[in-house]
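Enquirer: below is the sequence, then the predicted model.
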Amino acid sequence: MVIIADVRHTKVEARKAEAWKKAMINFPPIAEEEAFVGPLIVSAVMGNHPVRRVYVDTGSACEIMYEHCFLKLRHALRKTKKNISCPLVGFTGERSWSLGEITLHVTVGTIPMIRTEMLTFIIVRSDSPYNVILGRTAMRKMGIIPSPMHGMVMFSTPYGIGCIKADSQEEYCCAHVEVTEDKPKGELPNKVEGPEEKLFINDKHPDQHVLIGRQLPTEFKRKLRSLLKKHKEVFAWTLADMTGVPRQITIDGEKFDTQHKLNTRPHVEPIKQKRRSLAPERSKVACEQVADLVKAGILREVKYQSCVANPVMVRKHDGGWRMCVDFTNINKACPKDCYPLPKID
């Protein structure tokens, strides 16, 4: 009978200990003009690391930690990462593969109204203004109830109802989306402004620029701009500026041959690839680029070809086209280097 009484007492204590998790959570009424506009960006403590820019996303089925945040954790925590090979499927169906997963203690709220749980994060390599995304799994486990209209999240704790207000200063970089006009097919949308800043140093070519770090001090930017404008002739602004490398150079009266020759296998005959048709847009751009290279003296016409390779048009990040050449046959005809370059990080 004593054992039965102890078991019943333990169950009653457990029910009392869990009673605070069933506390009722109510949000106060709010006028429409006072409603919060922006995503729910909060702060939390993860593995004893204070982490900002934590996005509470009700549409995410898992917890995400971006690689740039993971790399800032202590080495002891990074060593606990587990390698997994599960794909993440986005809203539009695109797939991205994770770099692994890590389990951390996550604490939200302010003392004494805090809630701590163990959460597993999937590590993803992607450019994002956020450090971490808390999905529905974390909300269910930590009892988080979000209210985008109030700009806050509430959760139950042993000492009452905890509350976290969204960081309003993150609204601009995380939530501001400009409405752009519909672009023609094939034209890429404008990219989000990155950590680089455009610098125009040649008045004769106002459409060309160089990139410098946006985080540089103002005085350093001014000196750097003055230095680049002073030595702007070192840049090739047009194809005609690419004068090439002389076939011979003289150093201390001694001549050195600078010509390059492919080391091909003697038994391999030159291959003439069959002509591949390009789409009208790509063909037009390729013809324009070839005409510019011929005009600058970089290319010349060859009437009797021994080896022919097709051009390949590759889309650039700014929406333009880059003309490349399919050198797969030439690569097969050349022996591989037994001493390749070391891995450069």
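Expert: That came in fine, so what should we check first? Residues are numbered from 1 along each chain as shown.
Enquirer: please parse this protein into its domains.
Expert: 17-175, 196-232, 280-333 (automatic domain parsing).
Enquirer: out of those domains, which is closest to residue 259?
Expert: Proximity to residue 259, assessed across the domains of the chain by CB to CB, is greatest for domain 280-333 (16.1 Å). In short, each C-beta sits where N, CA and C put it, glycine included.
Enquirer: straight-line length of the closest one, end to end?
Expert: Domain 280-333 has an end-to-end distance of 32 Å (criterion: CA to CA, to the nearest Å).
Enquirer: host element of the most centrally placed residue in the chain?
Expert: Nearest to the mean C-alpha position of the chain, by CA atoms, centre = their mean, lies residue 127 at 2.4 Å. Assigned by DSSP states H and E, residue 127 falls within no helix or strand.
Enquirer: low-confidence ranges, the stretch 201-345 of the chain, go.
Expert: 243, 339-345 (pLDDT under 70).
Enquirer: hey, where'd the strands end up in it?
Expert: Assigned by DSSP state E, counting those that start in this stretch, the strands in the stretch 201-345 of the chain fall at 210-213, 248-251, 254-257, 311-315, 321-325.
Enquirer: just checking, what packs against the last one?
Expert: Okay, so that is strand 321-325. Judged by 3 or more CB pairs under 8 Å, 6 or more residues apart in numbering; DSSP states H and E, strand 321-325 is in contact with helix 280-295, strand 311-315.
Enquirer: which of the ones you listed sits closest to residue 324?
Expert: strand 311-315 (4.7 Å).
Enquirer: and that closest one, which strands flank it?
Expert: Looking at strand 311-315 with DSSP bridges, its partner strands are strand 321-325 (antiparallel).
Enquirer: report the buried residues of the partner strand.
Expert: Within strand 321-325, the residues that count as buried by 16 or more other CB atoms under 10 Å are 321, 323.
Enquirer: numbering from 11 from now on, please.
Expert: From this message on, residue numbering opens at 11, which makes the last subject strand 331-335.
Enquirer: now do that strand against helix 290-305, angle only.
Expert: 70 degrees (axes from the mean of the first three to the mean of the last three CA atoms, to 10 degrees).
Enquirer: closest to residue 112 out of the strands of the stretch 211-355 of the chain?
Expert: Comparison of the strands of the stretch 211-355 of the chain against residue 112 by CB to CB identifies strand 220-223 as nearest, at 30.3 Å.
Enquirer: show me the helices in this protein, by range?
Expert: Per DSSP state H, the chain carries helices over the ranges 12-27, 77-80, 85-88, 146-152, 181-185, 228-240, 290-305, 338-343.
Enquirer: so can I have a markdown table of those helices showing mean neighbour count?
Expert: As requested, the helices of the chain are arranged in a markdown table below (neighbours: other CB atoms under 10 Å):
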| stretch | mean neighbour count |
| --- | --- |
| helix 12-27 | 9 |
| helix 77-80 | 17 |
| helix 85-88 | 11 |
| helix 146-152 | 17 |
| helix 181-185 | 14 |
| helix 228-240 | 12 |
| helix 290-305 | 13 |
| helix 338-343 | 14 |
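Enquirer: could I get the ones you listed as JSON lines with distance to residue 160?
Expert: Shown next, in JSON lines, are the helices of the chain (distance: least, CB to CB, whole Å):
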{"stretch": "helix 12-27", "distance to residue 160": "29"}
{"stretch": "helix 77-80", "distance to residue 160": "27"}
{"stretch": "helix 85-88", "distance to residue 160": "33"}
{"stretch": "helix 146-152", "distance to residue 160": "16"}
{"stretch": "helix 181-185", "distance to residue 160": "15"}
{"stretch": "helix 228-240", "distance to residue 160": "39"}
{"stretch": "helix 290-305", "distance to residue 160": "50"}
{"stretch": "helix 338-343", "distance to residue 160": "60"}
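Enquirer: so residue 57 is in contact with residue 113, correct?
Expert: No - Residue 57 lies out of contact with residue 113 (CB atoms under 8 Å); the separation is 9.3 Å.
Enquirer: no further queries at this time; thank you.
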